[in-house]
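A.B. asks: Following is a predicted model, sequence given first.
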Amino acid sequence: MKKALVHDWFTVYGGAERCVESFINLWEDFDVFSLVDDLNESDRKTILKGKKVQTSFIQNLPFGKKRYRNYLPLFPLAIEQLDLRDYELIISSSSSVAKGVLTNHNQLHIVYMYSPVRYAWDLHFQYLKESGLESGFKGFLAKYFLHKLRVWDLITANRPDYYIAISNYIAKRIKKTYNKEAFVIYPPVDTSNFNISEVTKNYYITCSRMVPYKKIDLIVRALSGTDRQLIVIGDGPEYDKIKRIASENVQLLGFVEKDQMLKLLKESRAFIFAAEEDFGIAPVEAQACGVPVIAYGAGGALETINGFYPQQNIEVERYSGVFFKEQTEESLIESLNCFEQVESRFDKNVIRDNALRFRTERFESEFKELIDKLYRNWKLEQN
């Protein structure tokens with residue numbers, strides 16, 4: 001059986017690329033396809049085990065590898081130019097257009113979906129606002145091409161034979177967007193690299209790329225000028241903006257090496273997470289260190305954190321975090337106050353056990369079992 005793996009783009013070693021890494025751990029004979037490939041050699045060796053990626057024509061356009069997003073209107077055409085005729089099993093790893101590859105009735109196509117195209121669907125208006133494209137000629141073009149992308153995305157909804165979602169939250173969005181049912185397999189988190197510290201220091205921590213939807217500015221505003229210490233790890237487009245609103249009790253460290261990040265994380269009082277994520281790996285990594293999480297109660301966080309809301313009468317020892325109801329400073333502060341009242345009752349081992357539900361070995365076992373089952377059923381139907 002010849003197998004093809006199609007991924008939207010290879011540019012960084014992020015959460016989706018960890019999934020690709022697991023796919024190749026399971027099946028070393030994948031041929032790999034993508035719109036563009038700009039991985040450094042270290043990440044290529046880790047993710048792809050040195051495999052060569054067969055790319056689309058966007059790879060060869062001016063600045064195609066670095067500024068591939070500028071060619072968004074060409075994504076559908078580019079993904080359809082990938083020739084997969086020789087493959088019996090195709091797995092697409094998709095948050096954009098990978099699910100739209102062309103296949104025929106003699107091929108089994110299964111998509112592992114991180115999200116329907118965010119900037120075309122649920123984040124459409126937020127994307128236009130943050131990109132300054134709400135008006136003007138450029139705005140008109142952006143809206144037109146996103147409209148065309150939505151049309152194409154719906155047309156291609158029937159191309160995969162099966163959908164697998166990274167969370168129940170995403171499965172609901174798949175149902176809403178494409179009217180398709182999806183299996184759910186949570187993505188892998190390398191919990192083995194995280195451990196509990198006997199030391200807990202007097203600071204909170206958050207780690208993230210600084211982009212608007214991560215809401216790092218909300219966390220910084222809420223804690224600035226208080227007697228609470230906050231460490232912020234990460235950089236990105238919003239770094240300078242966030243630096244301007246941070247007071248002396250907030251340390252912005254920018255990018256830090258993995259070992260330093262791990263030490264700071266596992267010695268913190270709690271990890272603060274204010275985004276509405278599809279899954280959210282960072283809160284799971286914090287829990288793998290036995291660190292409680294104070295999180296916005298929406299999206300994937302409701303599935304990865306065993307949390308409670310302020311005013312609930314519960315046995316704290318059984319939980320791994322506290323939720324806040326709204327993405328506001330007041331709601332976050334309410335949950336911080338609640339956390340501090342019961343902080344000593346959290347059990348680090350219970351918190352870590354919750355994170356172990358998402359370990360890499362569990363993902364690879366569940367994913368292989370499901371793919372093998374779907375393939376067997378498909379072969380029976382073919383015969």
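C.D. replies: Perfect, thanks for sending it.

A.B. asks: Show me what secondary structure element comes after the worst-scoring helix or strand of the chain on mean pLDDT.
C.D. replies: One helix or strand of the chain scores below all others by mean pLDDT, DSSP states H and E: helix 124-130, with a mean of 70. On the C-terminal side of helix 124-130, the nearest following helix or strand under DSSP states H and E is helix 136-155.

A.B. asks: What are the boundaries of the strands in the protein?
C.D. replies: 3-7, 30-34, 53-55, 89-94, 108-113, 162-165, 182-184, 204-207, 230-233, 250-254, 271-273, 293-296, 307-308, 321-324 (DSSP state E).

A.B. asks: Reformat those into CSV and put mean neighbour count next to each item.
C.D. replies: In this view, the C-beta of every residue, glycine as well, is placed from N, C-alpha and C. Putting the strands of the chain into CSV (neighbours: other C-beta atoms under 10 Å) gives the following:
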stretch, mean neighbour count
strand 3-7, 24
strand 30-34, 22
strand 53-55, 19
strand 89-94, 24
strand 108-113, 24
strand 162-165, 22
strand 182-184, 18
strand 204-207, 23
strand 230-233, 21
strand 250-254, 16
strand 271-273, 27
strand 293-296, 28
strand 307-308, 22
strand 321-324, 26
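
A.B. asks: Next, format these as JSON lines and append mean pLDDT.
C.D. replies: Shown next, in JSON lines, are the strands of the chain (pLDDT from 0 to 100):
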{"stretch": "strand 3-7", "mean pLDDT": "98"}
{"stretch": "strand 30-34", "mean pLDDT": "97"}
{"stretch": "strand 53-55", "mean pLDDT": "97"}
{"stretch": "strand 89-94", "mean pLDDT": "97"}
{"stretch": "strand 108-113", "mean pLDDT": "98"}
{"stretch": "strand 162-165", "mean pLDDT": "98"}
{"stretch": "strand 182-184", "mean pLDDT": "97"}
{"stretch": "strand 204-207", "mean pLDDT": "97"}
{"stretch": "strand 230-233", "mean pLDDT": "97"}
{"stretch": "strand 250-254", "mean pLDDT": "95"}
{"stretch": "strand 271-273", "mean pLDDT": "98"}
{"stretch": "strand 293-296", "mean pLDDT": "98"}
{"stretch": "strand 307-308", "mean pLDDT": "96"}
{"stretch": "strand 321-324", "mean pLDDT": "97"}
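
A.B. asks: out of these, nearest to residue 139?
C.D. replies: When the strands of the chain are compared by C-beta to C-beta, strand 89-94 sits nearest residue 139, at 27.0 Å.

A.B. asks: Can you list the helices and strands that the closest one packs against?
C.D. replies: Packing contacts for strand 89-94, counted by 3 or more C-beta pairs under 8 Å, 6 or more residues apart in numbering; DSSP states H and E, involve strand 3-7, helix 15-26, strand 108-113, helix 360-382.

A.B. asks: so which of these gets nearest residue 268?
C.D. replies: It is, among these and with distance given as C-beta to C-beta, helix 15-26, at 21.4 Å.

A.B. asks: Just the buried residues of that closest one, please?
C.D. replies: The neighbour-count check on helix 15-26 (16 or more other C-beta atoms under 10 Å) flags 15-24 as buried.

A.B. asks: Low-confidence stretches in the chain?
C.D. replies: By pLDDT under 70, the weakly predicted segments of the chain are 123-124, 127-128, 130-131.

A.B. asks: Report the residue ranges of every domain in it.
C.D. replies: Domain segmentation of the chain under automatic domain parsing yields 3-188+359-382, 191-358.

A.B. asks: Turn the strands of the chain into JSON lines, including distance to residue 134.
C.D. replies: JSON lines is the format used below for the strands of the chain (distance: least, C-beta to C-beta, whole Å):
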{"stretch": "strand 3-7", "distance to residue 134": "31"}
{"stretch": "strand 30-34", "distance to residue 134": "31"}
{"stretch": "strand 53-55", "distance to residue 134": "33"}
{"stretch": "strand 89-94", "distance to residue 134": "28"}
{"stretch": "strand 108-113", "distance to residue 134": "28"}
{"stretch": "strand 162-165", "distance to residue 134": "31"}
{"stretch": "strand 182-184", "distance to residue 134": "32"}
{"stretch": "strand 204-207", "distance to residue 134": "29"}
{"stretch": "strand 230-233", "distance to residue 134": "29"}
{"stretch": "strand 250-254", "distance to residue 134": "29"}
{"stretch": "strand 271-273", "distance to residue 134": "28"}
{"stretch": "strand 293-296", "distance to residue 134": "25"}
{"stretch": "strand 307-308", "distance to residue 134": "35"}
{"stretch": "strand 321-324", "distance to residue 134": "29"}
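
A.B. asks: Residue 289: what's it in contact with?
C.D. replies: 194-197, 262, 265-266, 352 (C-beta atoms under 8 Å, 6 or more residues apart in numbering).
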